[in-house]
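Visitor: One predicted model, sequence on top.
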Amino acid sequence: MTSVNITVTNITVTEIDYASERGVGRDMEPPAMFNIKTQELCLFQHVNDATRIRQNQTPTTLDYIFTDENLIEMINYEVPLGKSDHVVLSWKLLLAISSIPSNQVKI
C-alpha cells in the first residue's frame, strides 16, 4: 500500500509566490526558510488564488494545501463561513484504486 501525505495549513508567508516559485527575502528569514523546506521535501502547493479577503486590504494567500504527489485535480474557493475573512476551500483528490480480483460469477 502506498502512503500519501496531505498537509493543509494556514500560515502567514505572504512573501512567497508559489505561482512563480520564488520566495522573497533573505535565506535565513522564516518565509524563505519555509519556501526552501517545501522545495526540499518536493511538495506540491495547490492553492493559487487569494484565500483571505478583507475590505480595504490587499487579498492574500494564507491557506495552503501541500501534497507529496500531484493529487489535487480541482480546488473550489467558496464563500467564507460566518464572519470569517478566509474563503472555504474544497478540493477533488485523485486516488488510484487497484483492482481486486473477484471469484464471483455474474448471472
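Guide: Structure's in. What do you need? Numbers count the residues shown, from 1 in each chain.
Visitor: Now stretch 78-85 - C-alpha only, CSV.
Guide: This file holds the C-alpha atoms of stretch 78-85, laid out as CSV (Å, rounded to 0.1, in the frame of the first residue of the first chain):
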residue,chain,number,x,y,z
GLU,A,78,-16.2,29.1,-1.7
VAL,A,79,-17.8,31.9,0.4
PRO,A,80,-16.5,32.3,4.0
LEU,A,81,-18.3,30.8,6.9
GLY,A,82,-19.9,33.3,9.3
LYS,A,83,-17.8,36.4,9.8
SER,A,84,-14.6,34.8,8.6
ASP,A,85,-12.4,36.7,6.1
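Visitor: for the spatially most central residue of the chain, which residues make a bridge with it?
Guide: Geometric centre of the chain, nearest residue: Ile65, 1.6 Å, by Cα atoms, centre = their mean. Here Ile65 sits in beta bridges with Val8, going by DSSP bridges.
Visitor: just Leu89 next, same as before
Guide: Going by DSSP bridges, Leu89 forms beta bridges with Tyr77.
Visitor: Identify the residues contacting the residue nearest to the centre of the chain.
Guide: Neighbour list for Ile65: Ile6, Thr7, Val8, Gln45, His46, Val47, Ile72, Ile75, Leu89, Trp91 [criterion: Cβ atoms under 8 Å, 6 or more residues apart in numbering]. C-beta here means a position set from N, CA and C on the backbone, and glycine is covered the same way.
Visitor: If we use 6 Å, what do you get?
Guide: Contacts for Ile65 were tallied using Cβ atoms under 6 Å, 6 or more residues apart in numbering; they are Val8, His46, Val47.
Visitor: Please, where are all the strands along the chain?
Guide: 6-10, 16-17, 22-23, 44-45, 63-67, 72-78, 88-93 (DSSP state E).
Visitor: Can you flag the weakest of those strands by average pLDDT?
Guide: Among the strands of the chain, strand 22-23 carries the lowest mean pLDDT, a mean of 60.
Visitor: Please dump the strands of the chain into a markdown table; it should also carry distance to Gln55 for every row.
Guide: Shown next, in a markdown table, are those (distance: least, Cβ to Cβ, whole Å):
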| stretch | distance to Gln55 |
| --- | --- |
| strand 6-10 | 20 |
| strand 16-17 | 24 |
| strand 22-23 | 28 |
| strand 44-45 | 27 |
| strand 63-67 | 19 |
| strand 72-78 | 18 |
| strand 88-93 | 18 |
